[in-house]
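Novice: Quick check, what structure comes out for this input:
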Amino acid sequence: MNIGWNDNAPIYRQLKDRVIDMMLDGILKAGDALPSVRQIAAEYQLNPITVSKAYQELVDENLVEKRRGIGMYVTEGASEKLLASERERFLREEWPAMVERIRLLGLNVEQLLHTTQPGGSA
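Specialist: Predicted coordinates:
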């Protein structure tokens, strides 16, 4: 897990987002164990409470489950659930701004498709 912290969000949220990204990227799959709280805290010089808070939010969202005495594991269907929620969030929050920007720039569908295909200018 390679993490560069920034001041724009709490560290626990950045850690949680990194774990989510790893699930979406397929690095962490259903049944995989997360590194221990102590391991992450030591590796990134974090307070264990910060790591625990990130992991607890993942548990609260049913993306990770605690297995008493052995650790935290990615739940079945976690990546599918994340993908569905990320798609919904994109369509609700990001896409409308993109559509407006496209409209303001006077771009059309043909131009957009041409620049995103192999051999296009983008």
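Novice: Let me see the residues that make contact with the one helix or strand residue 88 maps to.
Specialist: Using DSSP states H and E, residue 88 sits within helix 78-89. Contacts of helix 78-89 with the rest of the structure, by C-beta atoms under 8 Å, 6 or more residues apart in numbering, involve 20, 23, 24, 26, 29, 30, 62, 63, 64. Heads up, the C-betas are built off the backbone N, CA and C, glycines and all.
Novice: Show me the two of those that sit farthest apart.
Specialist: For these, the maximum inter-member distance is 19.0 Å, found between 26 and 62 (C-beta to C-beta).
Novice: quick one, which of the two is more surrounded?
Specialist: Between residue 26 and residue 62, counted using other C-beta atoms under 10 Å, the more crowded position is residue 62 (11 against 8).
Novice: Who are the contact partners of the closest residue in space to that one that isn't next to it in sequence?
Specialist: Spatial nearest neighbour of residue 62, excluding adjacent residues (C-beta to C-beta, 6 or more residues apart in numbering): residue 75 at 6.0 Å. If you count contacts by C-beta under 8 Å, 6+ apart, residue 75 has them with 30, 62, 63, 64, 65.
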